[in-house]
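Chemist: got a structure for you, letters missing:
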């Protein structure tokens, strides 16, 4: 049982939500419902990580080609935001369907913390580029910070992916 943040109790509370019977009926009435939800979630993860990885590698200076960082972000970030929204919805459905499976996992809280931090970092990055498209390329110190933030972003998203994949395997002590 995961004692961190009393998540087991949170999972038990999720079992009492009025929407839970509807979600359970939806996922249990078709053998395809849950696999399709999981597939959509995994495609969303691929879109998020692919776009963030490209932007982060560009920030770190590993991808030095056209388009500019601002153009790349302008093209990729709308897909990232859409995929994040889709993943929040599909993730919520999977957690509400079997709440204690997620909340009792040792990796779930870390994955959620990494997700929140990575999303905040992406929003900060997007807002800074919206104010000034050349912000991260305008000085040596900003380029250095871009490299650091790009690396941190990659690490956070890797943490999200690893944490999510291990939810069913990393059970807390019973």
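Modeler: Now that the structure is in, tell me what you want to look at. What you see is a predicted model, and the numbers here were worked out from it, not measured in a lab.

Chemist: Where does the prediction get shaky in the chain?
Modeler: Scanning the chain for pLDDT under 70 picks out 1-6, 66, 170-174.

Chemist: Nearest residue to the middle of the chain?
Modeler: Central residue of the chain (Cα atoms, centre = their mean): residue 115, 4.5 Å from the mean position.

Chemist: Who are the contact partners of that residue?
Modeler: 156, 160 (Cβ atoms under 8 Å, 6 or more residues apart in numbering). C-beta coordinates here come from the backbone N, C-alpha and C atoms, glycine included.

Chemist: Ok, residue 147 next?
Modeler: Residue 147 neighbours (Cβ under 8 Å, 6+ apart): 59, 60, 61.

Chemist: What separation do you get for the first one and residue 35?
Modeler: In this case it means residue 59. 35 Å (Cβ to Cβ, to the nearest Å).

Chemist: neighbour-wise, which of those two wins?
Modeler: Using other Cβ atoms under 10 Å as the criterion, residue 59 and residue 35 rank with residue 59 on top: 25 against 11.

Chemist: ok, that one to residue 76 distance?
Modeler: 12 Å.

Chemist: Could you tell me how far the longest helix along the chain lies from the centre of the chain?
Modeler: With secondary structure taken from DSSP state H, the chain has its longest helix at helix 69-97. Computed by Cα atoms, centre = their mean, to the nearest Å, the chain-centroid distance of helix 69-97 equals 8 Å.

Chemist: before we move on, what about stretch 145-158?
Modeler: Counting by Cα atoms, centre = their mean, stretch 145-158 comes out at 14 Å from the chain centroid.

Chemist: Tell me the buried residues in stretch 150-170?
Modeler: Neighbour-count burial for stretch 150-170 flags 150, 153-154, 156-157, 159-161, 163-164, 166-167, 170 (criterion: 16 or more other Cβ atoms under 10 Å).
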